[in-house]
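# Could you work out the structure for the sequence below:
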Amino acid sequence: MTTAKPRLSAPLSALCGAVLIGALLPACMARKVEVTASVPNDLRDRHPIVMSEAPRSIEIFPGPGRLDGRQAEDIAAFAADYRANGRSQIIAEVPSHNGVGAPAHRGLTGVREALSRNGVSPALISVRSYPAGHYSVASPIRLSFAKLQARVPHACGQWPEDLGASNARFSAENRSYWNLGCATQTNIAAQVANPIDLERAMAESRIDTVRRMNVVDKIRQGQDPSTSYRDSATRINQTVGN
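Residues are numbered from 1 along each chain as shown. Predicted coordinates for the structure are as follows:
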């Protein structure tokens, strides 16, 4: 005698099927996840621009008397940069021959005076010494301070993979090579005047109230508020012959 197998009702059968699919779906999704590339395709991910406190330094070669005009201008620009972006004291490293004469270097007084004339208090200058070479070799006074700078956190020119035909896998994947964009990112980081601009925009400046009222008045009168620019200057081809 055969016994009839119990049958599930339609709602219960559908519920069991949904539970079964839900249990198998994560496993299927896990099997479909594949790592197609170890190198990010976006150059901003491969070569990100980061913020760091890096040294801003300058070397001064003072003579027996006062600083010459070129070095005085260099110190003035250095002091202006320090007033705007300095995040530490100014470190003045003076050469020391066998540990003798470092604090009393003949050019240190002139450097201090030049910094003071350009708005840097002597209290913000810390003097240190470094071992110098032979007396016949000119040893500079090194000035430095910490400054927020934008940079790429690694050196360019690295080639972890062969770009030639010998690397068939790399050629078949049609991916950009690792070093692509590194020089561009480095140049952008070096040229930006204020590294904070790479993180966020500056606040908007105040509006030109006079200009705004003139535009609103023209709109009320049904006039065109745009500005017409006329170039009445002499053209180059009229002055210089072919």
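# Let me see the ranges of the strands in this structure.
50-60, 90-96, 125-131, 141-151 (DSSP state E).
# I'd like those strands as JSON lines, with distance to Leu43 appended.
(Glycine included, C-beta is placed from N, CA and C.) Below are the strands of the chain laid out as JSON lines (distance: least, CB to CB, whole Å):
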{"stretch": "strand 50-60", "distance to Leu43": "14"}
{"stretch": "strand 90-96", "distance to Leu43": "36"}
{"stretch": "strand 125-131", "distance to Leu43": "39"}
{"stretch": "strand 141-151", "distance to Leu43": "15"}
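# centroid residue for the protein?
Nearest to the mean C-alpha position of the chain, by CA atoms, centre = their mean, lies Ala150 at 2.6 Å.
# pLDDT weak spots in this structure?
1-40, 64-65, 97-106, 165, 170-171, 231-242 (pLDDT under 70).
# Show me the domain layout of it.
43-48+153-191, 50-151 (automatic domain parsing).
# looking at those domains, which is closest to Arg200?
Closest of the domains of the chain to Arg200 is domain 50-151, at 11.7 Å (criterion: CB to CB).
# Quick check: beta-bridge partners of Arg56?
Counting by DSSP bridges, Arg56 forms beta bridges with Phe145.
# I'd like the distance between it and Ser129.
With distances taken as CB to CB, to the nearest Å, Arg56 is found 21 Å from Ser129.
# Which one of the strands of the chain lies nearest to Phe78?
strand 50-60 (5.0 Å).
# That closest one versus strand 141-151: what angle between them?
Interaxial angle of strand 50-60 relative to strand 141-151 (axes from the mean of the first three to the mean of the last three CA atoms, to 10 degrees): 160 degrees.
# ok, Pro153 - contacts?
Going by CB atoms under 8 Å, 6 or more residues apart in numbering, Pro153 touches Pro48, Val50, Ser52.
# what's the nearest residue to the second one if we skip its chain neighbours?
The shortest distance from Val50 to any residue other than its chain neighbours is 5.2 Å, reached at Pro153 (CB to CB, 6 or more residues apart in numbering).
# For Lys218, see how far away the spatially closest residue to Pro55 that is not a sequence neighbour is.
If the residues on either side of it in the chain are set aside, Pro55 comes closest to Ser144, at 4.7 Å by CB to CB, 6+ apart. The gap separating Ser144 from Lys218 is 56 Å, by CB to CB.
# more crowded one of those two?
Using other CB atoms under 10 Å as the criterion, Ser144 and Lys218 rank with Ser144 on top: 18 against 13.
# got a list of what that one touches?
Contacts of Ser144 (CB under 8 Å, 6+ apart): Pro55, Arg56, Ser57, Ile58, Ile90, Ile91, Glu93.
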